[in-house]
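Student: here is a sequence together with a model predicted from it:
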Amino acid sequence: MANGEGSSGEESQVTYYTLEDVRKRNSQKELWLVIHGRVYDITRFVEEHPGGEEVLFEQAGADATESFEDVGHSVDAREMLKQYYVGDLHPDDCKQGSKKDVLITTSSNSTRYWPLLPINLEVFLKENLSEEIDL
Ligand code: HEM
């Protein structure tokens, strides 16, 4: 009776699933996948997919964002996604992917090499600059 009383926030509650949760749903009985950080249970959709079942089984239990986008799905296809939405990918799992990217870009910039410079700079300059000056 008190269910939902005085609160309209119920709909905004998000269920989070980890990649591990999604990974388990990769059979013909149950097929989940992740697209743009959202988790979809497309078990009922597999047979209807205009692109065939096979491609979906290949992506089952995994992040299918790239392949979904590679195909260039229509707005209609994107609209269809909504009805299969079951929750969001857990933030920890979302971060893992982007963390890697950030590390790659920042490590080559400065932090990794600066600490070495004060020790090696003098030697490096002497050895290399004198040769270059000769030229
Ligand atoms: C659950 C998510 C998906 C939905 C709702 C969906 C829906 C659709 C729809 C409606 C079409 C018809 C063309 C269009 O309207 O764009 C289509 C085509 C297609 N889909 Fe998906 N799709 C999904 C996931 C995927 C994934 C993960 C792949 C992986 C490769 C894929 C591969 C294809 C291919 C290759 C076609 C082209 C068929 C053709 O042009 O002959 N789809 N999809």
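Tutor: That came in fine, so what should we check first?

Student: mind telling me which residue of the protein is nearest the ligand?
Tutor: As assessed by CB to the nearest ligand atom, the ligand sits closest to Gly51 within the chain, at 2.5 Å. The way it works is simple: take the backbone N, C-alpha and C, and place the C-beta from them, glycine included.

Student: what number of residues lie near the closest residue to that residue other than its chain neighbours?
Tutor: Distances taken as CB to CB, 6 or more residues apart in numbering place Val71 nearest to Gly51, at 6.7 Å, with adjacent residues excluded. Neighbour count of Val71, defined by other CB atoms under 10 Å: 11.

Student: and Val71, what pLDDT?
Tutor: As predicted, Val71 sits at a pLDDT of 94.

Student: that one touches Gly52, doesn't it?
Tutor: No: the criterion here is CB atoms under 8 Å, and Val71 misses it with Gly52 at 11.3 Å.

Student: anything in contact with each of those two?
Tutor: Counting by CB atoms under 8 Å, 6 or more residues apart in numbering, no residue touches both Val71 and Gly52.
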